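>>> Kindly return the folded structure for what I paste below:
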Amino acid sequence: MHDRAEGGIRSAPIHVGAPSRFKQFRLTFHLWDYRMKTIRFYNRLVSYNPKEVINVKEQIMENALLRFAVDGYYATSMQQIAEHCGISKASLYKHFSSKEELLLEALEYNLDQWLMKTTDINLDQSLSPKEELRQKIVIELEAMKNNRSLLHSLMRAVPLTKNAEMMRMLKRTRVALMNWHRDSLLNAYGESLHPYLWDRVALFQGTMREYVVLMGDDHKALSIHDVADLIISHLDTIMASYPTASPVLTSEVMHDYEVYQKDMKPAGVQGEIDEVCYLLREKVKNHADTGQQPDIDRTLETLYRETEADAPRTYLLDALCLYLGQWVSIEKERKKLYDLLELRNQANSNDR
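This next block holds a predicted model:
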């Protein structure tokens, strides 16, 4: 009945024996209508791409952050968020028990997405340390510019019922940002930055912040790539100089930040592995049912132990990731994890 063609199917000639012109026309029309419906269905089927289906929970968080930024936190209702997502309010509450919980998870999600982008840059071994830093600056400037109105809204209206959780979230973001800047500068300029490392991190962050204010609040039409080039040029000059005054932000002063770095986000490739494992954990646990959490915890614990082994067993990692992928796609995280493990293996081989 049908001939196959690239991207779908096309009609084949119809042979209908007709006792009368009217009956022939009617029968031909019905066959043609049926055929066209079949063609449309088949074409939709062959063009379907599951990667284009956006995860509902992620879609909710992205829409919520947008509405909080545009309309303000208190002016945005759960009903409005549900309408923007094209779902019912009841469906929204199946994912988030309150607007405060939605805000906190959305902020965590936003930070995790940013960290994943920086991991992509770290994995690109074709980049020089300086070019790697430049690309990280571009990503951060874009993120800060896009999220500035949201942060202003949150600073004006932190939910009182979740104040402690919000403060911890903002603290985590601030510490993660400073430690990320610290590692980025060390990677680009080396250990010679000591003992002024933290002071130079502060200068770096201050410069970034002022450009973001000019682009966001004052609506200056600045090229982010030009700004990144100029910041790198300034950093080259600053890092080549040696201050005559004593450092202000010493290791003793920044002890809480350094403890965070050592305990929660270790430096180097192993730190990147730990970070990807953390993101994978949060993603799976956010999508699984409560009754499945114990099994997921045991699976994740086995995964963590295997990634810490000198020679992780690929077949076991495959099986663990296959199990965890039942609730949400973790292909992106799985690929990053395998790339990082391969990178660590190469580094260990070179050290032998």
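>>> Now do the most centrally placed residue in the chain against residue 106, distance only.
With distances taken as CA atoms, centre = their mean, the residue of the chain nearest its centroid is residue 113 (1.7 Å). To residue 106, residue 113 is 11 Å away according to CB to CB, to the nearest Å. For glycine as for every other residue, the C-beta is placed from the backbone atoms N, C-alpha and C.
>>> Which pLDDT value belongs to residue 100?
Residue 100 is assigned a pLDDT of 80 by the prediction.
>>> So which residues of this structure form strands?
2-5, 8-11 (DSSP state E).
>>> Of those strands, which shows the lowest average pLDDT?
Sorting these by mean pLDDT places strand 8-11 lowest, at a mean of 40.
>>> ok, back up a step: so what's the residue nearest to the centre of the chain up against?
Residues near residue 113 by CB atoms under 8 Å, 6 or more residues apart in numbering: none.
>>> redo that, cut-off 10 Å
By CB atoms under 10 Å, 6 or more residues apart in numbering, the contact set of residue 113 is 58, 61-62, 143, 279.
>>> now, which of the residues you listed sits nearest residue 81?
Set against residue 81, the nearest of the contacts of residue 113 by CB to CB is residue 61 (9.7 Å).
>>> I figured that closest one hits residue 55, correct?
Yes. With contact defined as CB atoms under 10 Å, residue 61 counts as touching residue 55 (9.4 Å).
>>> When these two are compared, which one has more neighbours?
Higher neighbour count among residue 61 and residue 55: residue 61, with 25 against 14, using other CB atoms under 10 Å.
>>> Leaving out the residues flanking it, which one is nearest to that one?
What sits nearest to residue 61 in space, not counting adjacent residues and going by CB to CB, 6 or more residues apart in numbering, is residue 106, at 4.0 Å.
>>> and the one you found, how many neighbours does it have?
22.
>>> show me the residues around it that make contact.
57-58, 60-66, 68, 96, 150.
>>> Of the contacts of residue 113, which is the most crowded?
Busiest of the contacts of residue 113 [other CB under 10 Å] is residue 61, holding 25 neighbours.
>>> Surely residue 213 touches residue 144?
Yes. With contact defined as CB under 10 Å, residue 213 reaches residue 144; the gap is 9.5 Å.
>>> Who has more neighbours out of the two?
Per other CB under 10 Å, whichever of residue 213 and residue 144 has more neighbours is residue 144, with 19 against 14.
>>> Check what pLDDT the more buried one gets.
The model reports residue 144 with a pLDDT of 77.
>>> Would you mind measuring from it to residue 214?
In terms of CB to CB, residue 144 sits 12 Å off from residue 214.
>>> ok, the residue nearest to residue 61 to residue 62 distance?
For residue 106 relative to residue 62 (CB to CB), the value is 8 Å.
>>> any residues in contact with both of these two?
Overlap of the contact sets of residue 106 and residue 62 (by CB under 10 Å, 6+ apart) is empty.
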